[in-house]
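Asker: Sequence plus the predicted model coming up.
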Amino acid sequence: MSKTKQKIYEIIFEADTLGGKLFDVVLLAVILFSVVLVMLESVPQIRENHQPLLRILEWAITIVFTIEYVLRIAIINKPFRYIFSFYGIIDLLSVLPTYIGLIIVGSHSLVVIRILRLLRVFRILKLTRYTEAGRSLAKAIWNSREKISVFIFFVTMLVIIIGTVMYLVEGPQHGFTSIPKGIYWAIVTLTTVGYGDISPGTPFGQFIASIVMIMGYAIIAVPTGIVTAEIINPTSDKNTQVCPQCLHPSHDDDAVFCKKCGSRLNP
């Protein structure tokens with residue numbers, strides 16, 4: 001990398017320098033402002049009375065995100081790796097709706113344009129890149145993926161069994177017209193949501209429902225404990241060094257080469 005390109009790379013992809021921290025803070029403010037703008041635009045009175053101002057602000061935000069997106073593509077050695085990555089897709093979604101709104105014209109396309117405008121709320125996902133807490137939570141969830149997958153599989157089997165039993169016990173006369181309907185009731189009850197649209201009418205069914213409700217409180221705590229254990233794990237790495245080749249973050253402070261692809265890191 002040339003010195004200029006390397007400087008821009010450190011500002012955009014890393015947060016160890018003053019410029020990098022300032023860049024992250026500015027992007028955070030713009031992201032939050034853009035999400036608030038989308039919510040305000042959904043209010044009919046505000047949309048009708050301040051439409052010109054809203055459009056100007058939206059285009060200003062879109063231009064900022066467009067410049068950021070183009071710079072990220074131009075500054076790395078393998079741009080397609082970034083373009084098709086999770087954050088690359090999110091960055092594209094943050095600018096695409098505004099530009100598509102210029103192409104789609106006509107009254108028959110108003111619904112499509114409105115949906116695309118609402119997609120701008122996905123800019124909130126860009127926050128995870130710039131917040132240490134967001135990165136820690138994402139890393140904890142990823143490290144817990146196997147345990148959480150087993151837990152979800154267990155809960156799925158449990159609601160299938162409970163839903164089937166309730167279909168046999170209660171029957172159509174109490175609203176349990178099919179096994180999927182029983183599974184729906186089991187999910188709603190086990191998660192302690194309790195819509196009340198279906199409820200058991202027999203004493204045995206009510207006894208089963210009571211057990212399921214009590215189980216719900218215990219089951220909800222399981223994934224929370226799994227993720228919490230990963231969050232407090234002292235193996236977290238606060239180094240913001242990002243590989244210019246594969247964009248892999250979290251390297252050791254004294255690392256010279258990327259531990260994933262072996263490319264040389266920027267000094």
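Answerer: On my side now, so go ahead. Numbers count the residues shown, from 1 in each chain.
Asker: Going by C-alpha atoms from here, please, whenever you check contacts or count neighbours.
Answerer: Will do.
Asker: Strands of the chain, start to end?
Answerer: For the chain, applying DSSP state E gives no strands.
Asker: Any stretches of it with poor pLDDT?
Answerer: When the per-residue scores of the chain are filtered using pLDDT under 70, the ranges that remain are 1, 15-16, 104-135, 231, 233-241, 245, 247, 249-250, 253, 266-267.
Asker: Centre of it to the edge, which residue is at the far end?
Answerer: Relative to the mean C-alpha coordinate of the chain, counting by CA atoms, centre = their mean, the farthest residue is Pro203 (42.9 Å).
Asker: do you know how far that residue is from Val169?
Answerer: 10 Å (CA to CA, to the nearest Å).
Asker: what sits in contact with each of those two?
Answerer: Taking CA atoms under 8 Å, 6 or more residues apart in numbering as the contact definition, Pro203 and Val169 share no neighbouring residue.
Asker: tell me, which helix in the protein spans the most residues?
Answerer: Of all the segments of type helix in the chain, defined by DSSP state H, the longest one is helix 203-231.
Asker: which other helices and strands contact that one?
Answerer: helix 132-143, helix 145-170, helix 179-190 (3 or more CA pairs under 8 Å, 6 or more residues apart in numbering; DSSP states H and E).
Asker: For Ser94, grab the count of nearby residues.
Answerer: Residue neighbour count, defined by other CA atoms under 10 Å, stands at 26 for Ser94.
Asker: thinking it is in contact with Phe65, fair?
Answerer: Yes - distance between Ser94 and Phe65: 7.1 Å, which falls inside the contact criterion (CA atoms under 8 Å).
Asker: thinking again about what came up before, deepest-packed of the helices and strands packed on helix 203-231, please.
Answerer: Neighbour counts averaged per stretch over the helices and strands packed on helix 203-231 are highest for helix 179-190, at a mean of 21; criterion: mean count of other CA atoms under 10 Å.
Asker: Next, the angle from that one to helix 145-170.
Answerer: Here the directions of helix 179-190 and helix 145-170 differ by 120 degrees (axes from the mean of the first three to the mean of the last three CA atoms, to 10 degrees).
Asker: what's in contact with helix 179-190?
Answerer: Contacts for helix 179-190 (CA under 8 Å, 6+ apart): 159-160, 162-164, 166-167, 176, 194-195, 198, 209, 212-213, 215-217.
Asker: Over to stretch 194-210?
Answerer: Applying CA under 8 Å, 6+ apart, the external contacts of stretch 194-210 come out as Met166, Val169, Glu170, His174, Gly175, Phe176, Trp185, Val188, Thr189.
Asker: Count the residues that sit near the fourth one.
Answerer: The one in question is His174. His174 is surrounded by 14 other residues when neighbours are defined as other CA under 10 Å.
Asker: what distance separates stretch 183-201 from the middle of the whole chain?
Answerer: Taking CA atoms, centre = their mean, to the nearest Å, the mean C-alpha location of stretch 183-201 is offset from the chain mean by 27 Å.
Asker: ok, back up a step: going by distance to Val256, which of the contacts of stretch 194-210 wins?
Answerer: Nearest to Val256 among the contacts of stretch 194-210 is Val188, at 51.9 Å by CA to CA.
Asker: gap between the closest one and Gly225?
Answerer: Using CA to CA, one gets 22 Å for the distance from Val188 to Gly225.
Asker: buried residues in the longest helix of the chain?
Answerer: Residues of helix 203-231 classed as buried by neighbour count (16 or more other CA atoms under 10 Å): Gly205, Ile208, Ala209, Val212, Met213, Gly216, Pro223, Ile226, Val227, Glu230, Ile231.
Asker: Max pairwise distance over the residues you listed: which two?
Answerer: Among these, the pair separated by the greatest distance (CA to CA) is Gly205 and Ile231, at 40.0 Å.
Asker: could you measure Gly171 against Ile160, distance?
Answerer: According to CA to CA, Gly171 stands 16 Å off from Ile160.
Asker: Before I go, just wanted to say thanks for your time.
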